[in-house]
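*Asks:* Requesting a structural model of the entry that follows:
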Amino acid sequence: MVALPVEPELLRRAVVELFEVAGATAENARLIAGHLIEANLRGHDSHGVGVVPLYLKSISAGGMVLNQTLKPVVDSGGMVIFDAGRGVGQVMGHRAMEAGIELAQAQGSAIVGLRNSHHLGRIGHWAEQCAAAGLVSIHFVNVVAGPIVAPFGGTKARLGTNPFAAGFPRAGAEPVVVDFATSRLAMGKIRVYRNQGKKLPDNALLTADGLPTNNPDDLFAEPPGVLVPFGEHKGWGLALACELLGAALLGGETQHDGASDPAVINSMLSILVSPERIGTLDVFGSEMAQVLAWVQSENAEKPGQVLLPGQPEQAVRRQRMDEGIPIDPTTLGQIVEAASESGLKGLIFQNLAREL
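*Replies:* Residues are numbered from 1 along each chain as shown. From the prediction side, this is the model:
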């Protein structure tokens, strides 16, 4: 299925308009749109505008609360915990990181807990927000929406895709950003494969009977298929750590049974450190530069052979800023259908669908 390029600013305005019409404030709609379009720009279409139908359905079902206020529930000096009350993740995450950045810059480090937020989107976004402020950050996240990932050694779904991210700022260069789901593929990426009519790579999905499959439709079958963790026992261990650190420790919701929810609820434990404030800025920058040069030293013989985490996304962003963001007709149709079901009319998305 052919994807057609859409100018990034037009797509951003389309998302802003849609969420304003749905009831979000102008500022909140701007934060949602900025996050989703940035995910598309960096090649993570699984976390871009393709999630809009999920969000609209969640709003209608009361699972995502527009214009929610972030509520501080614990403040122990070096650690703060916020309850998002199922507020919009792109807004709740931004506000929580703002508070954590201020605290870390003042005292050198901060631990920030954000519990019971609606879908936080691309977790690398929060690492990038911290890195832009000069901070190193680590993020453990759980997912509550119904189990979808089997433990290593099992074939039955028990946890969500529980992502992990870490960000490292660099003077005069893009940050190093490690960002991945602890499943072999994120659920949203399975949706992208399905919408584009493509087969899945091997060893990512099982049927409901526990058999390997390359058909993305099997994840959405009844009964549904099951994702598997990356890296066998290592990915599974990290997924479990994300569940316990990201939610249980914070008093957030955990995926502890087979119940499903129309909403996608995340909790996130973030650790922020200011190299400048703790007095290691120069040595940190110097040592990191040496490490990165060493791990990429093979590039002298084979240019581009070894990439740093975040570099593929940066390359895709440059290309999509120039050429547009590809949107496949199926994804666009799903957005238009969801908007119509929500009673939203006269939107840029609807006009775009007619033009394409």
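
*Asks:* How about the helix or strand harbouring residue 11, which residues are buried there?
*Replies:* Taking DSSP states H and E as the criterion, residue 11 maps to helix 8-22. Going by neighbour count (16 or more other Cβ atoms under 10 Å), the buried part of helix 8-22 is 8, 11, 12, 14, 15, 16, 17, 18, 19, 20, 21, 22. Heads up, the C-betas are built off the backbone N, CA and C, glycines and all.

*Asks:* chain center to that helix: distance?
*Replies:* 19 Å (Cα atoms, centre = their mean, to the nearest Å).

*Asks:* How about stretch 101-119?
*Replies:* Its chain's C-alpha centre and that of stretch 101-119 lie 17 Å apart, by Cα atoms, centre = their mean.

*Asks:* if we can go back for a sec, report the rounded mean pLDDT for the helix holding residue 11.
*Replies:* Throughout helix 8-22, pLDDT has a mean value of 97.

*Asks:* Equivalent analysis for stretch 81-90, please.
*Replies:* Per-residue scores along stretch 81-90 average to 98.

*Asks:* if we can go back for a sec, redo the buried residues of helix 8-22 as JSON lines? Include distance to residue 303.
*Replies:* JSON lines is the format used below for the buried residues of helix 8-22 (distance: Cβ to Cβ, whole Å):
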{"residue": "8", "distance to residue 303": "28"}
{"residue": "11", "distance to residue 303": "33"}
{"residue": "12", "distance to residue 303": "34"}
{"residue": "14", "distance to residue 303": "38"}
{"residue": "15", "distance to residue 303": "37"}
{"residue": "16", "distance to residue 303": "40"}
{"residue": "17", "distance to residue 303": "43"}
{"residue": "18", "distance to residue 303": "42"}
{"residue": "19", "distance to residue 303": "42"}
{"residue": "20", "distance to residue 303": "46"}
{"residue": "21", "distance to residue 303": "48"}
{"residue": "22", "distance to residue 303": "47"}
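
*Asks:* and residue 313, which of the three is it?
*Replies:* helix (DSSP: H, G, I helix; E, B strand; the rest coil).

*Asks:* repeat for residue 113
*Replies:* Judged by three-state DSSP, the three-state class of residue 113 is strand.

*Asks:* Next one: it from residue 82, what distance?
*Replies:* 7 Å (Cβ to Cβ, to the nearest Å).

*Asks:* what's the answer for residue 143, then?
*Replies:* Distance, residue 143 to residue 82, using Cβ to Cβ: 18 Å.

*Asks:* more neighbours, those two?
*Replies:* residue 143 (30 against 26; other Cβ atoms under 10 Å).

*Asks:* one step back: looking at the buried residues of helix 8-22, which one is closest to residue 233?
*Replies:* Checking the buried residues of helix 8-22 against residue 233 by Cβ to Cβ gives residue 15 as the nearest, at 39.4 Å.

*Asks:* which residues does the closest one contact?
*Replies:* Residues near residue 15 by Cβ atoms under 8 Å, 6 or more residues apart in numbering: 29, 32, 33, 36, 37, 49, 52.

*Asks:* redo that, cut-off 6 Å
*Replies:* Residue 15 sits next to 33, 36 when contact means Cβ atoms under 6 Å, 6 or more residues apart in numbering.

*Asks:* And for residue 233?
*Replies:* So residue 233 contacts residue 152 (Cβ under 6 Å, 6+ apart).

*Asks:* switch the cut-off to 10 Å
*Replies:* 151, 152, 153 (Cβ atoms under 10 Å, 6 or more residues apart in numbering).

*Asks:* Now do the strands in the chain.
*Replies:* Assigned by DSSP state E, the strands in the chain fall at 4-6, 71-75, 79-83, 109-118, 136-144, 164-170, 173-180, 205-206, 212-213, 226-227, 265-273, 325-327.
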